[in-house]
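Novice: coords please:
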Amino acid sequence: MSAPEPAQIPILISVQEADFDVSAEIDALTRGRADVGAVACFVGLVRDVTKAAEGAPVMAMTLEHYPGMTEKSLEAIAREAARRWPLLGVRIVHRVGRLAPADRIVLAAAASAHRGAAFEAAEFLMDYLKTRAPFWKKEETPDGARWVDARESDEHAAARWER
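Specialist: Sure, this is the predicted structure:
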């Protein structure tokens, strides 16, 4: 059996304040799918130090977005992954609002018949989410709050997927 056309694979996108259950999300992606041989996923967490060189303590991170625009952007990123790899499903959950250190921020999961496509697609999803998804992040530190930009290393990681 060949992989479905990219436009036909199930793509589940959620932008939400509530936490998510990784196991339940993977189950929803694969339930009833005997053709799925691999699911690769990435779960991002809030760190307790800044990305800046000084590494100041982070007390919280607030993520903001534009409803509607953000979901369309995540859908486009997922569809691009489905165009590039023989995927059987994609699940993206991205949280918004105020999050504390160790809270889950994001889940990017790719289902495929084989692990190679699932691994590569999950990595692509995260590289593009970090650099192209319209989220704005503000870290709260003892010295005050500051907006966080994508790192140069994030841009380099995403650039390797350009064709």
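Novice: and the one residue sitting closest to the centre of the chain, helix, strand or coil?
Specialist: Note on the chain: the residue nearest the mean C-alpha position is residue 108, at 4.0 Å, using Cα atoms, centre = their mean. Under the three-state scheme (DSSP: H, G, I helix; E, B strand; the rest coil), residue 108 adopts strand.
Novice: do residue 101 as well
Specialist: coil.
Novice: and the spatially closest residue to it that is not a sequence neighbour, how many neighbours?
Specialist: Closest residue in space to residue 101, ignoring its immediate chain neighbours: residue 48 at 3.8 Å, by Cβ to Cβ, 6 or more residues apart in numbering. Any C-beta I mention is one placed from the backbone N, CA and C, and that applies to glycine too. Applying other Cβ atoms under 10 Å, we find 12 residues neighbouring residue 48.
Novice: I figured residue 48 hits residue 102, correct?
Specialist: Yes: if you go by Cβ atoms under 8 Å, residue 48 and residue 102 touch, sitting 7.4 Å apart.
Novice: now residue 25: how far from residue 92?
Specialist: 10 Å (Cβ to Cβ, to the nearest Å).
Novice: higher neighbour count, the two?
Specialist: Here residue 25 and residue 92 are compared on neighbour count by other Cβ under 10 Å; more neighbours surround residue 92, at 25 against 20.
Novice: ok so, going back, overlap of the contact sets of residue 48 and residue 102?
Specialist: Among the neighbours of residue 48, none is also in contact with residue 102 (Cβ atoms under 8 Å, 6 or more residues apart in numbering).
Novice: state the mean pLDDT of stretch 148-163.
Specialist: Per-residue pLDDT over stretch 148-163 has a mean of 76.
Novice: how far is that stretch from where the chain is centred?
Specialist: 14 Å (Cα atoms, centre = their mean, to the nearest Å).
Novice: ok, now stretch 134-150?
Specialist: 18 Å.
Novice: contacting residues around the one helix or strand residue 136 maps to?
Specialist: Element membership of residue 136, judged by DSSP states H and E, is strand 135-141. By Cβ under 8 Å, 6+ apart, the residues outside strand 135-141 that reach it are 50, 56-65, 70, 94, 96, 145-148.
Novice: which of those residues are buried?
Specialist: 50, 58, 61, 63, 65, 70, 94, 96, 148 (16 or more other Cβ atoms under 10 Å).
Novice: just give me the closest of those residues to residue 18.
Specialist: residue 96 (10.1 Å; Cβ to Cβ).
Novice: what's the weakest-modelled helix or strand in this protein?
Specialist: For the chain, counting by mean pLDDT, DSSP states H and E, helix 152-159 ranks last in confidence among helices and strands (a mean of 73).
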